[in-house]
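Everything below, folded, please.
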Amino acid sequence: MTKRSAKQIQSSWMQQLIGFGAVLSSTLTSGFAGVYFEKILKTGPTSVWIRNIQLGNLNIFMYHLTGIF
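This next block holds a predicted model:
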C-alpha cells in the first residue's frame with residue numbers, strides 16, 4: 001500500500017470538485033435550454049425554425065464568450 005501525501009490528496013479532491021461542478025453546470029444549462037425552448041415555442045407566433053436559429057446564435061455567442069472556439 002502506497003502512502004499519498006496531503007498535497008496529492010488535496011489535488012485529487014480539487015479535481016473531483018471541479019469535475020462535479022462541470023457536470024452540474026452542464027446539467028443545469030441543458031435543462032434551462034430545454035425549458036426555455038418549450039416556453040418560447042408555446043407562447044409566440046414565431047416559427048420553430050426561427051426560434052432554432054435564435055437559440056443557435058445565443059449558443060455561438062456563449063461559446064465565443066467562454067473561449068471554446
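
Quick test: name the residue nearest the centre of the protein.
Geometric centre of the chain, nearest residue: Ser26, 3.0 Å, by C-alpha atoms, centre = their mean.

what is the mean pLDDT for the strand or helix carrying that residue?
Ser26 belongs to helix 6-43 when assigned by DSSP states H and E. Taken as a whole, helix 6-43 has a mean pLDDT of 87.

mind checking how far that helix is from the chain centre?
6 Å (C-alpha atoms, centre = their mean, to the nearest Å).

on contacts alone, who are the packing partners of it?
Under the contact criterion of 3 or more C-beta pairs under 8 Å, 6 or more residues apart in numbering; DSSP states H and E, helix 6-43 touches helix 48-66. Quick note: C-beta positions are derived from backbone N, CA and C, even for glycine.

How about residues contacting the helix it packs on?
Contact with helix 48-66 is made by 33, 36-37, 40-41, 44, 69, as judged by C-beta atoms under 8 Å, 6 or more residues apart in numbering.
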